[in-house]
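[1] show me how the following folds:
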Amino acid sequence: MTTLVHSLGESKKAQWIVVGAGICLVWAAIAIPRLSKTQTAVAPAVATMHETENFSVLPETSRAALAVSLMTANKKEATAGLYSKGSESVVPRKIVRTSSLDMIVAHPVEILEKIAALAENFGGYVETSNSGGPAGAAASLTVRIPADRFEQARAEIRQLGVRVESEKVDAQDVTRQYVDQDASLRNLRAEEAQYLTILKQATTVKDMLAVSEKLSEVRGEIEQQEAEFHTLSRQIETVSIAISLREEAPAQPSGLNWRPLHQIKLALREGLESVADYGTVMVGILFFLPAALLWVGTAAIATFVCWRLLRWTGKRWFGWKLDQPAIKA
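    Residues are numbered from 1 along each chain as shown. The predicted model follows:
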């Protein structure tokens with residue numbers, strides 16, 4: 001009888017063990033997938049916590065520090081997300097164009113002024129300007145013209161010359177660079193707004209300093225990105241035209257290059273320039289003369305004082321007799 005009871009007890013224990021093991025297996029099969037899903041969703045949930053009212057349930061000493069660390073860690077990932085949305089395909093092509101012209105003209109300096117005025121009429125401006133050579137026989141300038149009026153401006157510039165020696169137009173597709181800089185700038189501005197939100201919720205000096213430091217870094221990056229983006233946008237919206245102007249060399253059928261009137265003009269110009277240089281020098285000397293007199297006077301006074309001091313020292317300490325009258329024979 002005792003053996004039978006003992007056998008029944010062991011049988012019940014085995015049954016309970018089997019039932020318990022089965023329950024554990026079922027619970028594990030249900031819980032493990034949910035646990036993995038929960039871990040996957042924890043990071044986005046925590047990352048957005050500082051943007052919602054749930055952010056306030058965190059301890060006050062760790063709110064700003066947690067948010068700053070999460071934003072720093074996810075910065076590159078967020079930027080990559082912006083780039084991967086295919087925004088380049090919906091943006092019109094961005095082209096940077098440059099052009100150069102080498103022209104023969106009748107009067108280079110006059111044509112240079114006309115081209116500068118023409119650029120302003122088309123809504124552009126002059127970047128650089130230079131005139132040189134004997135009697136203004138050559139000039140060069142670089143202008144920027146709005147891209148939508150480039151062809152019209154180029155045609156009118158060509159008409160100002162006797163002929164065009166060479167012409168070149170280059171185009172570079174910068175659509176990808178434009179999209180990248182625009183996306184990066186938008187991401188930095190969004191990050192700045194998030195840091196400002198965190199700064200309002202920070203309650204300790206340590207958290208405020210940490211957020212302020214990150215905010216300063218982001219604003220510095222924004223200023224740099226804005227400058228680069230502005231430069232790129234200006235290059236896209238306008239076309240740079242480098243123009244070289246040269247006067248046509250006169251024909252010399254007899255091989256004699258004698259132009260007395262031209263030589264007289266050159267001599268007169270050089271003479272006037274010499275007179276102007278002389279006047280400039282004399283005016284400079286006139287204005288410099290008071291200062292020169294002051295320096296000379298100061299040096300004379302200093303010399304006289306030093307000489308008197310030397311004489312007194314010699315008489316007082318060394319027994320010099322410098323004022324003895326001459327002995328008559």
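[2] got the domain boundaries for the chain?
    For the chain, automatic domain parsing gives the domain ranges 1-47, 50-250.
[3] in terms of mean pLDDT, which of those ranks lowest?
    Mean pLDDT values for the domains of the chain show the minimum at domain 1-47, a mean of 55.
[4] excluding its backbone neighbours, what's nearest residue 111?
    residue 105 (4.4 Å; Cβ to Cβ, 6 or more residues apart in numbering). (Glycine included, C-beta is placed from N, CA and C.)
[5] who is that neighbour paired with across the strands?
    residue 247 (DSSP bridges).
[6] could you do residue 144 as well?
    Note on residue 144: beta-bridge partners by DSSP bridges are residue 125, residue 240.
[7] neighbours of it, just the number please.
    20 (other Cβ atoms under 10 Å).
[8] now do the strands in the stretch 201-329 of the chain.
    For the stretch 201-329 of the chain, the strands defined by DSSP state E, counting those that start in this stretch occupy 238-247.
[9] all helices of it, in order?
    For the stretch 201-329 of the chain, the helices defined by DSSP state H, counting those that start in this stretch cover 205-237, 260-313.
[10] pick the most buried one from those.
    For these, the largest average neighbour count (mean count of other Cβ atoms under 10 Å) is found in helix 205-237, namely a mean of 15.
[11] just the pLDDT for residue 290.
    You'll see residue 290 listed with a pLDDT of 87.
[12] and it, how far from residue 279?
    19 Å (Cβ to Cβ, to the nearest Å).
[13] next one: residue 295
    From residue 295 across to residue 279, the span is 24 Å (Cβ to Cβ).
[14] check residue 174 too.
    From residue 174 over to residue 279 the distance is 53 Å, taken as Cβ to Cβ.
[15] same check on residue 261?
    As judged by Cβ to Cβ, residue 261 and residue 279 stand 27 Å apart.
[16] likewise residue 164?
    For residue 164, the distance to residue 279 - Cβ to Cβ - is 42 Å.
[17] equivalent analysis for residue 304, please.
    According to Cβ to Cβ, residue 304 stands 37 Å off from residue 279.
[18] what residues of stretch 168-177 count as buried?
    Across stretch 168-177, burial judged by 16 or more other Cβ atoms under 10 Å covers residue 174.
[19] who touches it?
    Here stretch 168-177 makes contact (Cβ atoms under 8 Å, 6 or more residues apart in numbering) with 88, 91, 93-100, 232, 235-236.
[20] and the residues you listed, which of them are in strands?
    Among those, the ones falling in strands (DSSP state E) are 95, 96, 97, 98, 99, 100.
[21] and residue 171, that's in a helix?
    No: read with DSSP: H, G, I helix; E, B strand; the rest coil, residue 171 is strand and lies in no helix.
[22] if it is in a bridge, with which residues?
    Counting by DSSP bridges, residue 171 forms beta bridges with residue 97.
[23] still on that earlier bit, please identify which two of the contacts of stretch 168-177 are farthest apart in space.
    Farthest-apart pair in the contacts of stretch 168-177 is 88 and 100; separation 29.8 Å (Cβ to Cβ).
[24] about what we covered before: out of the helices of the stretch 201-329 of the chain, which gets nearest to residue 137?
    Across the helices of the stretch 201-329 of the chain, closest to residue 137 is helix 260-313 (Cβ to Cβ), at 11.0 Å.
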